[in-house]
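Q: Give me the fold of what follows.
(one chain, ligands or ions: 1)
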Amino acid sequence: MPECNGVLTEDLKLKCAARTDIGLIRHRNEDSLWVDAALGWLLLADGMGGHTSGDLASALAVNHILSRLRDAQEKGFTKYDVAVLLAKSVTEANTAIRNVSMQSDGVAPAMMGSTFVGGVLEQDKITYAHVGDSRLYLLRDGFLAPLTHDHTLVQEFVDAGRLSAEAAQVHPYRGLLTRGLGVHEEVEPDVGICTLHPGDRLLLCTDGLTDMVSEEEIGRLLGLDLEADEIAECLIEAAKYAGGRDNISVIVAWFTEQLPCNNDQCADEAHCDINQMDASHA
Ligand code: CA
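A: Next up, the predicted model:
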């Protein structure tokens with residue numbers, strides 16, 4: 001996908017790029033992604049299930065959520081609570097994937113699922129939702145912070161103090177999800193809002209990046225003084241250089257103009273939002 005430049009308002013311009021790569025080992029790319037830079041929509045999903053069903057599941061997730069956003073856009077986006085809209089779209093995507101896998105006639109294996117992470121950028125904030133182990137990161141003042149919290153068994157062990165973060169990074173069962181789209185009849189997405197500061201950069205990515213490249217290195221690459229498409233390419237190449245064991249997908253985005261916000265107020269809001277996010281996992 002080429003680099004994309006969008007205009008959200010006259011003051012705020014969004015710079016973003018999306019890249020996906022099959023990696024060095026896999027025979028299929030089961031990741032799906034979509035970016036609308038003009039509207040500030042960033043969507044990414046990582047399918048599971050093998051054969052053709054992983055591709056199908058992630059494409060269903062992204063397409064379904066995209067169609068719900070487009071419906072809302074046609075009816076007037078401002079009258080929607082974006083967090084509610086995203087959460088509802090994600091739960092509907094869960095049903096859509098399950099309906100297809102139930103109708104499976106042997107061509108597509110019945111077991112298929114997908115992660116999802118996506119965000120809607122408006123003014124100086126991003127509203128986001130996620131299920132699974134695809135991640136949204138915020139790079140601020142040189143520090144990379146995950147805004148999402150993996151829905152994996154290994155992450156639950158880390159949260160419970162039974163496993164170190166370092167051991168989790170290489171754990172053989174680190175891909176075992178506790179929440180995924182299409183897996184159970186119902187799914188609860190995590191939803192959050194983050195107020196953005198001037199200079200902030202966002203990254204959405206699949207585990208094909210985070211399993212292969214350390215957060216320290218991801219943060220360094222995301223902060224490079226390069227164009228968005230060059231950074232996306234650097235991230236993909238870093239994952240491949242490290243072995244490229246899985247499909248790798250990244251979306252990088254940031255505003256190019258100064259954001260019209262009061263710094264103290266923005267800092268307080270972001271702090272609140274991130275805490276709220278943490279509290280939902282407690
Ligand atoms: Ca993956």
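
Q: how deep is Asp71 tucked in, by neighbour count?
A: Counted by other C-beta atoms under 10 Å, the residues lying close to Asp71 total 12. The C-beta positions use only the backbone N, C-alpha and C, and glycine is treated the same way.

Q: quick one, what contacts it?
A: By C-beta atoms under 8 Å, 6 or more residues apart in numbering, the contact set of Asp71 is empty.

Q: okay, the helix or strand harbouring it in CSV with CA atoms only?
A: Asp71 is part of helix 53-75, with elements assigned from DSSP states H and E. Provided in CSV are the C-alpha atoms of helix 53-75 (Å, rounded to 0.1, in the frame of the first residue of the first chain):
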residue,chain,number,x,y,z
SER,A,53,-9.5,-19.1,6.2
GLY,A,54,-7.0,-16.9,8.0
ASP,A,55,-7.0,-14.5,5.0
LEU,A,56,-10.7,-14.6,4.9
ALA,A,57,-11.2,-14.0,8.6
SER,A,58,-8.9,-10.9,8.7
ALA,A,59,-10.5,-9.5,5.5
LEU,A,60,-14.0,-10.0,6.9
ALA,A,61,-12.9,-8.2,10.1
VAL,A,62,-11.5,-5.2,8.3
ASN,A,63,-14.2,-5.0,5.6
HIS,A,64,-17.0,-5.3,8.1
ILE,A,65,-15.7,-2.6,10.4
LEU,A,66,-14.9,-0.4,7.4
SER,A,67,-18.4,-0.7,6.0
ARG,A,68,-19.8,0.3,9.5
LEU,A,69,-17.6,3.3,9.5
ARG,A,70,-18.7,4.2,6.0
ASP,A,71,-22.4,3.8,7.0
ALA,A,72,-21.8,6.2,9.9
GLN,A,73,-19.9,8.6,7.6
GLU,A,74,-22.9,8.7,5.2
LYS,A,75,-25.3,9.5,8.0
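
Q: and that helix, anywhere near the ion?
A: No: using C-beta under 5 Å from the ion, helix 53-75 stays clear of the ion, with a minimum separation of 8.6 Å.

Q: Could you tell me which ranges of the chain sit under the pLDDT cut-off?
A: For the chain, residues meeting the criterion pLDDT under 70 lie at 1-4, 7, 9-11, 50-52, 104-110, 257-282.

Q: before we move on, the earlier item: for whichever helix or strand comes after the helix holding Asp71, packing partners?
A: Sequence order places helix 82-102 as the next helix or strand after helix 53-75, per DSSP H and E. For helix 82-102, the elements it packs on are helix 53-75, strand 113-114, strand 116-122, strand 125-131, strand 190-195, judged by 3 or more C-beta pairs under 8 Å, 6 or more residues apart in numbering; DSSP states H and E.

Q: how about a cut-off of 7 Å?
A: helix 53-75, strand 116-122, strand 125-131, strand 190-195 (3 or more C-beta pairs under 7 Å, 6 or more residues apart in numbering; DSSP states H and E).

Q: so the residue in the stretch 1-150 of the chain positioned nearest to the ion bridges to which residues?
A: Closest residue of the stretch 1-150 of the chain to the ion, C-beta to the ion: Asp46 (4.3 Å). With DSSP bridges as the criterion, Asp46 is bridged to Asp31.

Q: tally of neighbours for the nearest residue to Leu196 once chain neighbours are set aside?
A: Distance criterion C-beta to C-beta, 6 or more residues apart in numbering; nearest residue to Leu196, sequence neighbours excluded, is Asp124 at 5.1 Å. Number of residues near Asp124 (other C-beta under 10 Å) recorded here: 20.
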